[in-house]
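> got a sequence here, can you build the structure:
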Amino acid sequence: MKRIVLLAVLLIQSIGLSGCWSSTPIENLNMEVAVALDIADETPIEEDFDQRGGGYPKNRRMSCTYQFIVPQGSVGSKKEGASSRNFYNMTETGDSIFEAIRELSLRTNNPPIGHHLKVIVIGEQLARSTKLSELIDFFSRDNDIRPSVLILVSKGKASDVLNNVLPGQTPAFVLEGIFGNRDRNLRIWEPVSIAKAAGPLHGKTTFMLQNVIAAKNEMKFAGAGVIKGKTGKLQGFLNEEELEGVVWLTGKGKGGVLKTNEDGSGRLITYEVKSMGSKIKAKVEEGEISFAVKIESTGRYAETFAHGGQKLDAAYMKQDELVLQDKVKEMVGASVETMQQKLHADAAGFGKILRIQHPAVWRKVKENWDDTFSRVPITIDVKLHIEEYGASGTSTE
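Predicted coordinates for the structure are as follows:
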């Protein structure tokens, strides 16, 4: 009996050693790492296919550009100095994202797979005309695609972003990696994944997506796109400084730079943010809603441009703190003004604060909150402390 059990165990183990019987060699797969969605604009090769009888029934609603990586070693050895481009893009125009990806199976023998998808970039024109929930519906349903895939918008054509990158890099990985620089720059919004977007889309709550633009062979994060809760579509954009103002307003920055000029002398002051926090209090008096924002930060001198090597005494540092505080107030105020007067959309989460602190009031205004928000008074108070002046600085204290 023991011998039978032993033989059974050995048989099971030998089956495991044989590897994955249903696996496909990596060089025979098209690993999809990014998708760009734009308003319909057929590529020359698509137009050529159509003219030669390669069309199929469809409405020209959107163009889907899929980025695939080239597995290392699958294209043979490269000559010294040759292009190190390790990705390629394919575009299909139609009305179904699912059909578009399957249509590529008629153009390549390697089946596309979405297990490694990193980012979805949506072009401005498409995002303004189509609900975001419709655009990501396929990606949220497909079992092969992770809900951690990041969503971005582009003020321009999304496909341009996937065509622009420095040599040796893959656009999808660059886009994902830039979010890791939030401790170095305050103009990067928090990453929003498919899973994270589901809540505000379902609840019809306004939120923001990072905006990315392309120029020549590079890409850049440049402000944020505002998805309005009531429509589910792109309402407009905050520029870089306005996004920085929202980061200060919400206290979501992890580190970065604050720069301003001293009144009168014009002396440049550069402050490195080490920490920041924000507290927002909703007030309701006689039925009128208002908000009070208190922002705090600690940091250090990065540059002072002190005249004649002037020593950094307590009075000097206090003066600079006041100048920097005024700069933060100015930025936050400009951001609030853009949200209230231009976009008519609460992209900073004031509604969430009101819902938590005054739930009864929230129930009365939630249906038209973005419009109500546009008329709500908001006061801003900033406390900034320079706690360090750097290795080369001196203090008389």
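> need the helices for the stretch 251-397 of the chain, in chain order.
Under the criterion DSSP state H, counting those that start in this stretch, the stretch 251-397 of the chain carries helices at the ranges 314-337, 350-357, 359-365, 369-373.
> which element is the residue minimising distance to the centre of the chain on?
Note on the chain: the residue nearest the mean C-alpha position is residue 210, at 3.2 Å, using Cα atoms, centre = their mean. Under the criterion of DSSP states H and E, residue 210 resides in strand 207-215.
> just the strands in the stretch 51-200 of the chain please.
62-69, 87-94, 112-113, 119-123, 150-154 (DSSP state E, counting those that start in this stretch).
> buried residues in the first one?
Translated: strand 62-69. In terms of neighbour count (16 or more other Cβ atoms under 10 Å), strand 62-69 has its buried residues at 62, 63, 64, 65, 66, 67, 68, 69. For the C-beta atoms, the positions are set from N, CA and C on the backbone; glycine is no exception.
> swap in the second one?
The neighbour-count check on strand 87-94 (16+ other Cβ under 10 Å) flags 87, 90, 91, 92, 93, 94 as buried.
> adding distance to residue 157, write those residues out as JSON lines.
Formatted as JSON lines, these follow (distance: Cβ to Cβ, whole Å):
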{"residue": "87", "distance to residue 157": "18"}
{"residue": "90", "distance to residue 157": "16"}
{"residue": "91", "distance to residue 157": "11"}
{"residue": "92", "distance to residue 157": "15"}
{"residue": "93", "distance to residue 157": "13"}
{"residue": "94", "distance to residue 157": "17"}
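> and the residues you listed, which is closest to residue 380?
If you rank the buried residues of strand 87-94 by distance to residue 380 using Cβ to Cβ, residue 87 comes first, at 44.5 Å.
> quick check: the closest one vs residue 119, distance?
13 Å (Cβ to Cβ, to the nearest Å).
> joint contacts of those two?
Common neighbours of residue 87 and residue 119, using Cβ atoms under 8 Å, 6 or more residues apart in numbering, are 33, 172.
> so residue 128 is in contact with residue 237, correct?
No: the pair residue 128 / residue 237 is not scored as a contact, 10.6 Å apart, by Cβ atoms under 8 Å.
> buried residues in the helix or strand hosting residue 248, which are they?
Using DSSP H and E, residue 248 maps to helix 240-250. Neighbour counts over helix 240-250 (16+ other Cβ under 10 Å) mark 240, 242, 243, 244, 245, 246, 247, 248, 249, 250 as buried.
> what's the answer for stretch 372-384, then?
Buried, per 16+ other Cβ under 10 Å, within stretch 372-384: 372, 373, 376, 378, 380, 382, 384.
> do stretch 113-133 as well
Going by neighbour count (16+ other Cβ under 10 Å), the buried part of stretch 113-133 is 113-114, 116-128, 130, 132-133.
> CA atoms of that stretch as PDB?
Provided in PDB are the C-alpha atoms of stretch 113-133 (Å, rounded to 0.1, in the frame of the first residue of the first chain):
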ATOM      1  CA  ILE A 113      -3.000  39.900 -24.400                       C
ATOM      2  CA  GLY A 114      -4.000  42.500 -21.800                       C
ATOM      3  CA  HIS A 115      -2.400  41.000 -18.700                       C
ATOM      4  CA  HIS A 116       0.400  43.600 -18.700                       C
ATOM      5  CA  LEU A 117      -1.700  46.700 -19.600                       C
ATOM      6  CA  LYS A 118      -0.400  49.700 -17.600                       C
ATOM      7  CA  VAL A 119      -2.100  52.800 -18.800                       C
ATOM      8  CA  ILE A 120      -5.100  54.100 -20.800                       C
ATOM      9  CA  VAL A 121      -4.700  57.600 -22.300                       C
ATOM     10  CA  ILE A 122      -7.900  59.300 -23.600                       C
ATOM     11  CA  GLY A 123      -7.700  62.200 -26.100                       C
ATOM     12  CA  GLU A 124      -9.400  65.500 -25.400                       C
ATOM     13  CA  GLN A 125     -12.000  65.400 -28.200                       C
ATOM     14  CA  LEU A 126     -13.200  62.000 -27.300                       C
ATOM     15  CA  ALA A 127     -13.200  62.700 -23.600                       C
ATOM     16  CA  ARG A 128     -15.400  65.800 -24.200                       C
ATOM     17  CA  SER A 129     -17.900  63.900 -26.400                       C
ATOM     18  CA  THR A 130     -18.200  60.500 -24.700                       C
ATOM     19  CA  LYS A 131     -18.800  59.500 -21.100                       C
ATOM     20  CA  LEU A 132     -15.700  58.100 -19.400                       C
ATOM     21  CA  SER A 133     -17.700  55.200 -18.100                       C
END
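> worst-scoring helix or strand of this protein, pLDDT-wise?
helix 2-17 (a mean of 67; mean pLDDT, DSSP states H and E).
> now the element after that one, going C-ward?
That would be, after helix 2-17 and using DSSP H and E, strand 30-39.
> thinking again about what came up before, quick one: the buried residues of helix 240-250 as JSON lines, columns for distance to residue 168 and pLDDT too.
Formatted as JSON lines, those follow (distance: Cβ to Cβ, whole Å; pLDDT from 0 to 100):
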{"residue": "240", "distance to residue 168": "27", "pLDDT": "97"}
{"residue": "242", "distance to residue 168": "33", "pLDDT": "98"}
{"residue": "243", "distance to residue 168": "29", "pLDDT": "98"}
{"residue": "244", "distance to residue 168": "30", "pLDDT": "98"}
{"residue": "245", "distance to residue 168": "35", "pLDDT": "97"}
{"residue": "246", "distance to residue 168": "34", "pLDDT": "98"}
{"residue": "247", "distance to residue 168": "31", "pLDDT": "98"}
{"residue": "248", "distance to residue 168": "36", "pLDDT": "98"}
{"residue": "249", "distance to residue 168": "38", "pLDDT": "98"}
{"residue": "250", "distance to residue 168": "36", "pLDDT": "97"}
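> just the closest of those to residue 324, please.
Nearest member of those to residue 324, counting by Cβ to Cβ, is residue 248, at 11.2 Å.
> so which elements touch the strand holding residue 210?
strand 150-154, helix 158-163, helix 194-203, strand 218-227 (3 or more Cβ pairs under 8 Å, 6 or more residues apart in numbering; DSSP states H and E).
> what's the mean pLDDT across it?
Computed over strand 207-215, the mean pLDDT rounds to 97.
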